[in-house]
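[1] Got a predicted structure here, sequence first:
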Amino acid sequence: MPRKSLPLGPESLGLIEDARIDLLCAALAVRDDDSEPEFDLPEDMPDLEDEDATHAFRERLIEILSEFDPDELRPTETRSRRMRALASGKGVTSLETIVAQKLDHERAQEFDDQPDPLCRSIWAFLNARETFEDAESFHFARQFRDHRKLYDAFEVDLETATPLDAASVDERALSIRIKEVLELKPAISCTVRALDLPKTDAHPASIMLIVRHGGPLSSVYNHRDDGRRAAIYYRPPNEATLIYTPSLQQIEVCADSPLVRQQVSDTFAEVALNHDISQKPLTWKRYNLTRFRTSLALERPAIEGYDISDARVLEAEVRLGHWRRKLLLKVTIDDDIEEVADQYLGARNVFRRAERFSRIGIAVVYSRAGDATERTLNITISGTKSCNLQSHKDPEERSLGFMLLQEWGILSAFRQIDPSDLRAMFAELIKLHDRVEDEVTGQYLRELGLDAQRLIEGGLLERRDRQDVVLIEDGDIDGEGAVKPSEKPGMVRTVGLFGEEAGDVPAGDLDKYSLNADWLRETILRLLKPLLTRRGSQQILDPDLTLLGAMEIGGAEVPLYFARRLNDPKTVERLDLAMRARNQAGVGIVLSASEDMPSHLGPNVVVPLLSNIAPAEEEFAVARDGLEMAFRSNFALARGGATPQVLRSGKQSGMLHVPGKDPLPLTGPDQITIFERLVAASKTGSPDVQVKDLMDGLGSRSPQQAFRPKTWESILNVYIAKGEKRGYWRLVIDGASPEAAV
């Protein structure tokens, strides 16, 4: 008979099969939470030298754990994965390196006495958990560059580089300062640990900083045994890991939030390096390789103090649809890479059509003024954040390389946008953040009045490729057209489907950019912070909904939220369900990035941001009086109003108000019509409506078919319920059942 499938995951099974059984039992007995099951493992263990007995014991452990559900075994699987990760490959070195730094001689010797890497990893997890976690951070630190959305690299311009190691870092001063800049509450602890990273073949000696602190208070609903649900409140752990390489004067940092990455880096530079970032801000560099889409040729720029005799691309790598598929072309310095590509790959080859270059290698032949020696500088750019110049030992050549990349338009350095400029473009930033797509064109930015280059330097945009197809609506030409080079500088020609000339358009209009959505959100939230009377409780409840904190109205604290994409019915439905689950917070204000929006979201008043932008000379970016007026005017409706009613806000949207209940957004004519008929019947004193009359003309036989399953589940017996007779429906007025309504 085939063996029954096991609920154990591969990591747990691997641990049971490979670990020494005494350490194995100790590892399986770990419970990080009272909700985890107790496995009731055998207490009598066999002789470790008896292979048959130990094999039978392992099989018994598998049988015991197999009696539990996969969900109950998930914590064990996670812990097994962590222990096994530091017992193979570079994980072994990572653990040994940190143990050597952190454990005293006696405990380090006990660690070394373990028979193999897996036993040493389990021992560290059981007996030195903090050291084990530091080793985990170290293990993943060198893989930062793979976490593109979580990773940034900064350069710090130190006039005098002083020797620095982990022992000289004031961890306490750093933790105090980081707690201040991150605006953490007094009750939230922040710890900083500094570790020395030894030199390897791939990396110079560095210092690693691990910053750990509690995140914003959050909650999840727990389904209890009695069928009720109750909120469990917890504070998730947040971590930022920073690596400083003195020889490169470079700071690399990994964290969820782009704002945290910048603030932690700035704080480290100020406190640990004694660097005045107000005079010399950290340099945040981005490499833009899209220029090579049109040509792999490089002009010879004029750089004072240098004679550039030749500059050529010798290596180009593109990705083919998927990041794991790539094509690399390498030539010698005597070759023209464009001619080689055209000759062997065709005139319209993949390099001319590439959407994204992942690697470019450049050779520059030059001589210094007053020196007849001819020199060669090799520059390799990998992706948007990595360049070999960062590790170049000669500071003069490193500086020359960066100047060349700037001249060619490949390098753009981060330049913080002035707060007054951000205030001036606040409305436009709101519109950008409200977009469904995270990609915009140069034409869209021009119509908004935004400078693409300035937004790139400020970290809000990243340059992508260029449109090669445009929509033409001009005279007799209506449809898609192609883009061709133009004789006019800064312009491109548009050509119809049959070769018809459709005129020139600015080349910049067809450039495509991707929004740095996290940094854009952080920028907008910083501009909204002055509204708050209570800070430090910011929570991202949904990618489209953030709890900012609270503002004071009439002596009371009112929850303040920020939402986007409320012009999308699916988003409204999802967020409304989430907000009605949070109704214990009371009536709040939802600041909406969208102008087309519902009037309420759960028990909250929705206020359009764009209609409440404050004049530039005022303290707040948003007019506080306008928010207060909207809140007071709609407070009663947020609690259902005095009588049942359906308020339409268009043909496709409306809001149901029932006294004592949260407002219910209605999307589509069917939902609106159903509740209008139920409200009308309720007001006549005969609340029950026969399903035939209720659904007349709507094309379906049941009101349930007008709602998504999750929404129907949330409103049944709360807003709508079956009537006293079979085949009838009614509006629920008081309570959550038809009996209560009667």
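    Structure's in. What do you need? Numbers count the residues shown, from 1 in each chain.
[2] Could you report the neighbour count for Ala578?
    15 (other Cβ atoms under 10 Å). To be clear about C-beta, it is placed using only N, CA and C from the backbone, and glycine gets the same treatment.
[3] Surely Asp266 touches Asp276?
    No - the pair Asp266 / Asp276 is not scored as a contact, 10.9 Å apart, by Cβ atoms under 8 Å.
[4] Those two: which is more packed in?
    Asp266 (21 against 10).
[5] all strands for the stretch 251-400 of the chain, in order.
    Counting by DSSP state E, counting those that start in this stretch, the stretch 251-400 of the chain forms strands over residues 283-287, 306-320, 322-330, 357-368, 375-382, 386-387, given from the N-terminal end onward.
[6] rank those by mean pLDDT and give me the bottom one.
    Lowest mean pLDDT within the strands of the stretch 251-400 of the chain: strand 283-287, a mean of 73.
[7] what does that strand contact?
    By Cβ atoms under 8 Å, 6 or more residues apart in numbering, the list of residues contacting strand 283-287 from outside reads 152-157, 262, 381, 383-387, 405, 410-414, 456, 459, 462.
[8] try 7 Å this time
    The contact list for strand 283-287 (Cβ atoms under 7 Å, 6 or more residues apart in numbering) reads 152, 154-155, 157, 381, 384-385, 387, 410-414, 459, 462.
[9] so Glu397 makes contact with Ile379?
    No - using Cβ atoms under 7 Å as the test, Glu397 is too far from Ile379 to be in contact (9.7 Å).
[10] So which residues of the stretch 151-300 of the chain form helices?
    Counting by DSSP state H, counting those that start in this stretch, the stretch 151-300 of the chain forms helices over residues 171-181, 258-271, given from the N-terminal end onward.
[11] Comparing the ones you listed by mean pLDDT, which bottoms out?
    Per-stretch mean pLDDT for these is lowest at helix 258-271 (a mean of 86).
[12] tell me the angle of it relative to strand 283-287?
    Comparing the axes of helix 258-271 and strand 283-287 via axes from the mean of the first three to the mean of the last three Cα atoms, to 10 degrees yields an angle of 130 degrees.
[13] any weak-confidence spans in the stretch 51-200 of the chain?
    For the stretch 51-200 of the chain, the stretches with pLDDT under 70 are 141-150, 159-162.
[14] Then the stretch 201-350 of the chain?
    Along the stretch 201-350 of the chain, the parts satisfying pLDDT under 70 run over 201-202, 215-237, 285, 321-324, 347-350.
[15] Show me the shaky parts of the stretch 601-742 of the chain.
    Across the stretch 601-742 of the chain, the ranges flagged by pLDDT under 70 are 640, 650, 734-742.
[16] ok, which stretches of it are strands?
    Using DSSP E, counting those that start in this stretch, strands in the stretch 601-742 of the chain cover 604-608, 645-648, 653-657, 664-667, 689-690, 720-722, 728-731.
[17] again with the stretch 451-600 of the chain
    With DSSP E, counting those that start in this stretch as the criterion, the stretch 451-600 of the chain has strands spanning 461-466, 469-474, 477-485, 491-495, 501-506, 511-515, 539-542, 545-553, 556-563, 588-592.
[18] elements contacting the shortest one?
    Counting contacts by 3 or more Cβ pairs under 7 Å, 6 or more residues apart in numbering; DSSP states H and E, the secondary-structure elements packed against strand 539-542 are strand 545-553, helix 569-580.
[19] swap the cut-off to 6 Å and go again
    Packing partners of strand 539-542 (3 or more Cβ pairs under 6 Å, 6 or more residues apart in numbering; DSSP states H and E): strand 545-553.
[20] The spatially closest residue to Asp47 that is not a sequence neighbour and Asp336: what is the separation?
    Closest residue to Asp47 in three dimensions, ignoring its sequence neighbours and counting by Cβ to Cβ, 6 or more residues apart in numbering: Ala53, at 6.2 Å. Using Cβ to Cβ, to the nearest Å, Ala53 is found at 72 Å from Asp336.
[21] All good on my end, thank you.
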